[in-house]
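> No letters, just coordinates:
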């Protein structure tokens with residue numbers, strides 16, 4: 001079953017992509033929630049016209065994301081956490097703390113667009129995170145976890 005996505009879906013596709021999904025997933029989840037529409041011939045024609053009109057706007061958004069990526073390049077964020085005497089963190093550091101630290105630096109980035117390369121950050125030290133600003137623009141930032 002082919003559907004046209006109306007918004008980004010993790011591990012499936014981005015907005016305005018035509019993707020093939022299993023019939024049950026499309027019929028019971030994507031279409032009823034308004035995440036996708038059925039890709040009929042008429043819908044594909046409307047989609048092609050809309051995509052042609054949006055190409056100009058998309059380029060502008062991509063350029064803005066690239067400018068933000070250039071500003072974020074080489075940024076190092078410090079995150080304080082409560083630790084034991086051996087350097088282990090009580091809990092773990094996740095994308096929420098990274099988003100808050102970037103907010104203090106003046107960058108407004110949603111936490112769902114930040115992914116940490118490590119499985120779980122449970123000790124003090126330096127780590128890397130990937131910030132997805134646009135479907136084509138990703139930037140890697142360094143963050144350091146220090147004891148409070």
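Yes, it's here. Treat the numbers as computed from the prediction; the structure is a model and nothing was measured.

> Return the residues in contact with residue 62.
Contacts for residue 62 (CB atoms under 8 Å, 6 or more residues apart in numbering) come out as 134, 136-137. C-beta: built from backbone N, CA, C; applies to glycine.

> I'd like those as CSV, with distance to residue 88 and pLDDT appended.
Below are the contacts of residue 62 laid out as CSV (distance: CB to CB, whole Å; pLDDT from 0 to 100):
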residue, distance to residue 88, pLDDT
134, 36, 86
136, 38, 84
137, 35, 87
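
> Would you check how far apart the residue nearest in space to the middle of the chain and residue 19 are?
By CA atoms, centre = their mean, the chain has its centre lying nearest to residue 113, at 2.6 Å. The gap separating residue 113 from residue 19 is 21 Å, by CB to CB, to the nearest Å.

> returning to that earlier point: ok, now how distant is the residue nearest to the centre of the chain from residue 107?
Separation of residue 113 from residue 107 (CB to CB) stands at 11 Å.

> One more: residue 2?
For residue 2, the distance to residue 107 - CB to CB - is 38 Å.

> Look at those two and report which has more neighbours.
Set residue 2 next to residue 107 and count neighbours by other CB atoms under 10 Å: residue 107 wins out with 17 against 14.

> Assign a three-state SS to that one, would you?
The local conformation at residue 107, judged by DSSP: H, G, I helix; E, B strand; the rest coil, is coil.

> Excluding residues flanking it in the chain, which one is nearest it?
residue 72 (6.5 Å; CB to CB, 6 or more residues apart in numbering).

> likewise residue 91?
Excluding the flanking residues, the one nearest residue 91 by CB to CB, 6+ apart is residue 81, at 7.5 Å.

> I'd say the one you found and residue 127 touch.
No. Contact criterion CB atoms under 8 Å: residue 81 and residue 127 do not qualify, at 11.9 Å.

> Tabulate the contacts of residue 62 (TSV), appending neighbour count and distance to residue 43.
Listed next are those as TSV, based on neighbours: other CB atoms under 10 Å; distance: CB to CB, whole Å:
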residue	neighbour count	distance to residue 43
134	17	25
136	11	25
137	18	29
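
> Can you pull out the low-pLDDT segments for this protein?
Applying pLDDT under 70 to the chain flags no residue at all.

> How is it divided into domains?
As recorded under automatic domain parsing, the domains making up the chain are 2-64, 70-147.
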